[in-house]
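Enquirer: Let me see the structure of the following:
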Amino acid sequence: MKEETLYRYFNNEAAPEEVEQIEAWLAEDPTRQREFDAAHMLFNASVLQRMHYEESARRTTRVWSLRRIARAAVRVAAALVLIAGAGYAGGMIARDGMYREMSDRLNVLEVPAGQRMSITLEDGTLVWLNGGSRMEYPLLFARGERHVRLSGEALFDVAHDEEHPFVVETFASEIKVLGTKFNVYADEENGRFTTTLAEGRIRAKNLVGNRQEQVVLNPNEMVRLINGHLVPSRVADLDALCWTEGYINIRNVAFEELMERFENAYDVHIVIDRAQLPSIGYASGKIRISEGVDFALHLLQQACDFSYTKDEATNTITIR
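Expert: Take a look at the predicted model:
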């Protein structure tokens with residue numbers, strides 16, 4: 001049975017003789033029902049995906065509310081469930097064409113500052129996205145590498161698949177894994193890049209300096225972008241991952257970088273109006289995000305010499 005005929009049938013556009021042809025085709029062999037159902041699932045998934053892209057095109061802003069993100073995630077998840085069911089059906093009709101089409105189409109997921117969310121990709125990989133982050137990923141991974149692109153911060157718990165490496169691309173590095181748990185912080189605007197490995201093994205490739213430079217990380221190791229080079233080091237703990245539990249790590253974080261993290265966590269604009277940056281006196285510790293930005297700044301003032309003012313009308317904090 002031609003895929004075009006089936007898709008016209010699913011879209012209520014089939015001619016009467018085509019309807020009769022399909023019904024006769026199914027009646028001849030009951031096992032064809034499984035093939036028919038698989039094609040129907042793929043058709044439904046493509047409709048959901050098209051609706052998602054049409055809605056994205058109508059938006060006048062790229063910043064989603066958490067509720068709209070949740071609704072979009074539900075639509076994508078529904079499509080993935082349909083595809084997963086179709087993926088195991090024998091003799092699936094037109095699976096190659098639909099497979100290529102869906103693996104070529106990218107979803108764009110953006111998390112507004114002050115919010116966090118998690119999503120399960122179609123291969124079972126869990127991703128936690130921090131505020132102010134953006135991830136591009138296909139509805140269906142291609143048959144080679146599983147590839148996503150990240151701007152911002154995310155924690156990945158990658159489903160193991162030796163034949164299909166998982167690749168996270170950022171402005172600074174391409175990170176390749178088979179199955180592992182790691183955190184990525186990529187801030188292209190300020191030239192900051194950090195990857196911290198919790199479990200497994202990853203390989204980071206430099207994309208901004210020497211493209212031959214690669215670093216392999218083992219658990220409790222991290223790599224930073226410093227002067228265009230990927231510099232690895234050991235970490236005493238995994239506090240860098242605490243944001244998934246609602247905390248901000250202040251261990252070995254420079255004041256300017258910490259203010260950038262405050263902006264994403266509390267959805268505020270912070271201006272540093274002083275010539276010299278304060279030095280943070282804390283060698284370890286973390287701040288609970290739910291306590292609010294004023295609590296966080298007052299806590300820092302116990303270790304740093306600075307003052308601040310807050311303009312409620314513009315949602316701007318000025319550090320002096």
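
Enquirer: how near is Leu230 to Leu217?
Expert: 10 Å (Cβ to Cβ, to the nearest Å). For the C-beta atoms, the positions are set from N, CA and C on the backbone; glycine is no exception.

Enquirer: Now list whatever residues contact both of those two.
Expert: Any residue near both Leu230 and Leu217 by Cβ atoms under 8 Å, 6 or more residues apart in numbering counts here, and that gives Ala204, Val223.

Enquirer: for the stretch 201-320 of the chain, what spans make up the strands?
Expert: Using DSSP state E, counting those that start in this stretch, the strands of the stretch 201-320 of the chain run over residues 202-206, 214-217, 221-226, 229-234, 247-249, 269-272, 286-288, 308-311, 316-319.

Enquirer: Export those to CSV and append columns for mean neighbour count and distance to Tyr137.
Expert: Supplementary listing: these in CSV, determined by neighbours: other Cβ atoms under 10 Å; distance: least, Cβ to Cβ, whole Å:
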stretch, mean neighbour count, distance to Tyr137
strand 202-206, 21, 18
strand 214-217, 17, 22
strand 221-226, 19, 23
strand 229-234, 13, 24
strand 247-249, 19, 26
strand 269-272, 16, 29
strand 286-288, 18, 29
strand 308-311, 14, 37
strand 316-319, 17, 33
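
Enquirer: Can you point out the helix or strand that includes the residue most central in space within the chain?
Expert: In the chain, the centroid-proximal residue (Cα atoms, centre = their mean) is Met135; its distance is 3.9 Å. Here Met135 sits within strand 133-138, counting by DSSP states H and E.

Enquirer: where does the protein dip in pLDDT?
Expert: Residue ranges of the chain with pLDDT under 70: 38, 41-104, 281-284.

Enquirer: Output the longest strand belonging to it.
Expert: strand 146-157 (DSSP state E).

Enquirer: Adjacent strands (with direction) for the very next helix or strand once past that one?
Expert: The helix or strand immediately downstream of strand 146-157 is strand 166-169, counting by DSSP H and E. Looking at strand 166-169 with DSSP bridges, its partner strands are strand 146-157 (parallel), strand 173-177 (antiparallel).

Enquirer: circling back to that earlier point, just the angle for the strand holding Met135 relative to strand 146-157, thanks.
Expert: 130 degrees (axes from the mean of the first three to the mean of the last three Cα atoms, to 10 degrees).

Enquirer: Give me the helices and strands touching strand 133-138, please.
Expert: helix 95-104, strand 106-111, strand 146-157 (3 or more Cβ pairs under 8 Å, 6 or more residues apart in numbering; DSSP states H and E).

Enquirer: Put the alpha carbons of it into PDB.
Expert: Output of strand 133-138 as PDB, limited to C-alpha atoms (Å, rounded to 0.1, in the frame of the first residue of the first chain):
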ATOM      1  CA  SER A 133      18.800  28.200  28.900                       C
ATOM      2  CA  ARG A 134      18.000  27.200  25.400                       C
ATOM      3  CA  MET A 135      18.300  23.700  23.900                       C
ATOM      4  CA  GLU A 136      17.800  22.600  20.300                       C
ATOM      5  CA  TYR A 137      17.000  19.000  19.800                       C
ATOM      6  CA  PRO A 138      15.300  16.800  17.100                       C
END
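
Enquirer: That strand versus strand 106-111: what angle between them?
Expert: On the basis of the same axes, to 10 degrees, strand 133-138 is oriented at 160 degrees to strand 106-111.

Enquirer: partner strands of strand 133-138, parallel or antiparallel?
Expert: strand 106-111 (antiparallel), strand 146-157 (antiparallel).

Enquirer: Mean neighbour count, those strands: which tops it?
Expert: strand 146-157 (a mean of 21; mean count of other Cβ atoms under 10 Å).

Enquirer: Pull out the CA atoms of that strand and give them to me as PDB.
Expert: Coordinates of each C-alpha in strand 146-157 appear next as PDB, following Å, rounded to 0.1, in the frame of the first residue of the first chain:
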ATOM      1  CA  ARG A 146      22.200  11.800  19.100                       C
ATOM      2  CA  HIS A 147      22.900  15.500  18.800                       C
ATOM      3  CA  VAL A 148      21.600  18.500  20.800                       C
ATOM      4  CA  ARG A 149      22.800  22.100  21.000                       C
ATOM      5  CA  LEU A 150      22.800  24.000  24.300                       C
ATOM      6  CA  SER A 151      23.100  27.600  25.300                       C
ATOM      7  CA  GLY A 152      22.900  28.100  29.100                       C
ATOM      8  CA  GLU A 153      23.100  25.400  31.700                       C
ATOM      9  CA  ALA A 154      21.900  21.800  31.700                       C
ATOM     10  CA  LEU A 155      22.400  18.600  33.500                       C
ATOM     11  CA  PHE A 156      22.300  15.500  31.300                       C
ATOM     12  CA  ASP A 157      21.700  11.900  32.400                       C
END
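
Enquirer: ok, back up a step: in the strand holding Met135, what's buried?
Expert: Ser133, Arg134, Met135, Tyr137, Pro138 (16 or more other Cβ atoms under 10 Å).

Enquirer: Right, I'll leave it there.
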